[in-house]
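Undergrad: Below: sequence and its predicted model.
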Amino acid sequence: MAEKRFAEEPAAVLGPRIDKLLTMMGAARDAFNRHSRTSLQELQSLAGGLAQDFAAISTHLKSLTALKPEGEHSHLIRLLSISSRLEIVGQNIGGLVQPIDKKIKDGVLFSHKAVTQTNYLFDQHAGMLRSVLDIVKTDNSLLKKYVAEEARKLVQACADFATEHEERLIEGVCQPQAAPIFLAILDRFRTIGEHEVEVANLLTREP
């Protein structure tokens with residue numbers, strides 16, 4: 001019965017992992033804003049645990065697929081694909097450790113604009129993950145479309161923020177040492193957005 005629920009209910013498989021992704025996003029934001037090494041260590045720990053979770057899901061879904069007739073594979077394959085995309089989201093949230101650690105260690109201060117833009121991305125991506133969690137629980141078609149559209153906008157926002165940052169750097173508003181850190185953070189958020197789009201598309205697709 002437990003295996004049947006695992007295979008047939010996306011919320012049972014994905015829900016607890018999305019909750020962890022949200023906790024990771026909160027820890028990353030706290031580490032960024034407060035220069036909190038405690039939050040940074042929490043983020044690292046959560047990232048390691050989540051990687052193990054996704055590895056276990058992958059192994060289990062592959063085992064279930066091998067036991068099912070070929071005509072019943074599509075649902076499990078879709079679930080595995082969604083899980084893989086969320087795993088990449090987790091890897092990139094975890095990947096925020098490196099630039100944030102450098103920001104803390106070197107005492108690098110961002111411009112007000114860069115701080116505002118970074119917090120905007122933290123807010124919006126947390127919202128995307130909460131929406132994905134709602135989708136796996138309710139299968140809401142309008143929410144699927146919303147996530148795909150808004151995640152695409154966030155990918156574009158990362159490109160726009162990078163361009164604006166270069167302009168601020170030329171104007172001398174931003175510290176040169178802040179540039180690689182800010183751009184590394186934007187790159188992580190861009191990748192997160194790309195995979196949020198893919199998750200929404202996979203959830204929209206009929207198994």
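TA: Structure received.
Undergrad: most centrally placed residue in the protein?
TA: The C-alpha lying nearest the average C-alpha coordinate of the chain belongs to residue 89 (C-alpha atoms, centre = their mean; 3.4 Å).
Undergrad: quick one: secondary structure of that residue?
TA: Under the three-state scheme (DSSP: H, G, I helix; E, B strand; the rest coil), residue 89 adopts helix.
Undergrad: Okay, helices next: where are they in the protein?
TA: According to DSSP state H, the chain carries its helices in the segments 2-8, 10-34, 37-67, 73-94, 97-105, 112-138, 141-171, 179-204.
Undergrad: May I see those arranged in a markdown table, with mean pLDDT as well?
TA: Converted to a markdown table, those look like this (pLDDT from 0 to 100):
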| stretch | mean pLDDT |
| --- | --- |
| helix 2-8 | 43 |
| helix 10-34 | 95 |
| helix 37-67 | 93 |
| helix 73-94 | 93 |
| helix 97-105 | 98 |
| helix 112-138 | 96 |
| helix 141-171 | 94 |
| helix 179-204 | 96 |
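Undergrad: ok so, going back, gap between the residue nearest to the centre of the chain and residue 193?
TA: Noted for residue 89: a distance of 9 Å to residue 193, by C-beta to C-beta, to the nearest Å. To be clear about C-beta, it is placed using only N, CA and C from the backbone, and glycine gets the same treatment.
Undergrad: Could you pull up the contacting residues of residue 106?
TA: When contacts are counted by C-beta atoms under 8 Å, 6 or more residues apart in numbering, residue 106 is found next to residue 177.
Undergrad: Just want the phi and psi numbers for it.
TA: Backbone torsions for residue 106, taken as degrees, to the nearest 10, come to phi -90, psi 0.
Undergrad: how near is the residue lying farthest from the centre of the chain to residue 205?
TA: Relative to the average C-alpha location in the chain, and by C-alpha atoms, centre = their mean, no residue lies farther out than residue 69, which sits at 33.1 Å. In this structure, residue 69 lies at 21 Å from residue 205, with C-beta to C-beta as the measure.
Undergrad: Repeat that for residue 160.
TA: Between residue 160 and residue 205 the distance is 29 Å, computed by C-beta to C-beta.
Undergrad: ok, now residue 196?
TA: Residue 196 sits 15 Å away from residue 205 when distances are taken as C-beta to C-beta.
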